[in-house]
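1. Fold the following and give me the result.
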Amino acid sequence: MSERYFKKLVGDRIYLSPKNLDDTEQYTVWLNDFRVTDGLQGENLISVVKEKAWLEESLRSESRDFAIVRLSDDKLIGNCGFNNIDPRNRYGEIGLFIGEEDDRNHGLGGEAVGLLLDYGFNYLNLHSIALSAYGFNKRALACYKKAGFKETGVRRERRFVNGKYYDEIMLDILETEFHGDNIRNKNLK
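-> You can find the predicted model right below:
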């Protein structure tokens, strides 16, 4: 096991670990890469100082953010987590990104989504989990729909990227629609 990461939620090829402050520079590289950030909400100009402050605050808070780490070599490949949790109404929102192009299109993001859904429904006791993606992000939309998300609405021309407006597609999944493996059973094997 890596001393840098901890296998909190384990899948077949990846695991989700609490984030590590030592990864500040790697996150800064990714968050300044338009191939990563075009599909994300938020700012596209991040300094190491700003990212470190954000990570430190996140680590002090009760955030549910994770590093996505490849099981075979303990390599950080991305980030995922819950952006908003409303325990009273049993609702949460998730987001994720895979940092390197070489790690995309291999189902690793889908595996991370499955781990987040299992955690959200079976540990956080959520009833509904939502997310959104922009219309140009066909890979993400296909991944989310494959995981069981259903389209719930569209915010038309919500994001301006490379001289063109794109719709924001909103999706959600209910606990009764989730049919993934239970993490508790996998970790107890």
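
2. residue contacts, residue 109?
-> Going by CB atoms under 8 Å, 6 or more residues apart in numbering, residue 109 touches 78, 96, 98, 139-140, 143. (Glycine included, C-beta is placed from N, CA and C.)

3. which among the residues you listed gets closest to residue 170?
-> Checking the contacts of residue 109 against residue 170 by CB to CB gives residue 140 as the nearest, at 12.7 Å.

4. close enough to count as contact, the closest one and residue 133?
-> Yes: counting by CB atoms under 8 Å, residue 140 does reach residue 133; the two are 4.3 Å apart.

5. Name the residues contacting each of those two.
-> residue 39.

6. picking up where we left off before, in strands, which of the contacts of residue 109 fall?
-> 78, 96, 98 (DSSP state E).

7. what's the neighbour count on residue 155?
-> Using other CB atoms under 10 Å, residue 155 is surrounded by 13 other residues.

8. Could you confirm it falls within a strand?
-> Yes: assessed with DSSP: H, G, I helix; E, B strand; the rest coil, residue 155 lies in a strand.

9. Check the offset of the one helix or strand residue 158 maps to from the chain's centre.
-> Here residue 158, judged by DSSP states H and E, is contained in strand 150-161. Centre-to-centre, strand 150-161 and its host chain are 18 Å apart (CA atoms, centre = their mean, to the nearest Å).

10. Quick one: list the elements packing against it.
-> strand 128-134, strand 164-174 (3 or more CB pairs under 8 Å, 6 or more residues apart in numbering; DSSP states H and E).

11. Could you list the paired strands of that strand along with their orientation?
-> Sheet pairing of strand 150-161 (DSSP bridges) gives strand 164-174 (antiparallel).

12. now the strand it pairs with and strand 128-134, what's the angle there?
-> Angle between the axes of strand 164-174 and strand 128-134 is 160 degrees (criterion: axes from the mean of the first three to the mean of the last three CA atoms, to 10 degrees).

13. which other residues reach strand 164-174?
-> By CB under 8 Å, 6+ apart, the surrounding residues in contact with strand 164-174 are 117, 127-136, 141, 144-145, 147-160.
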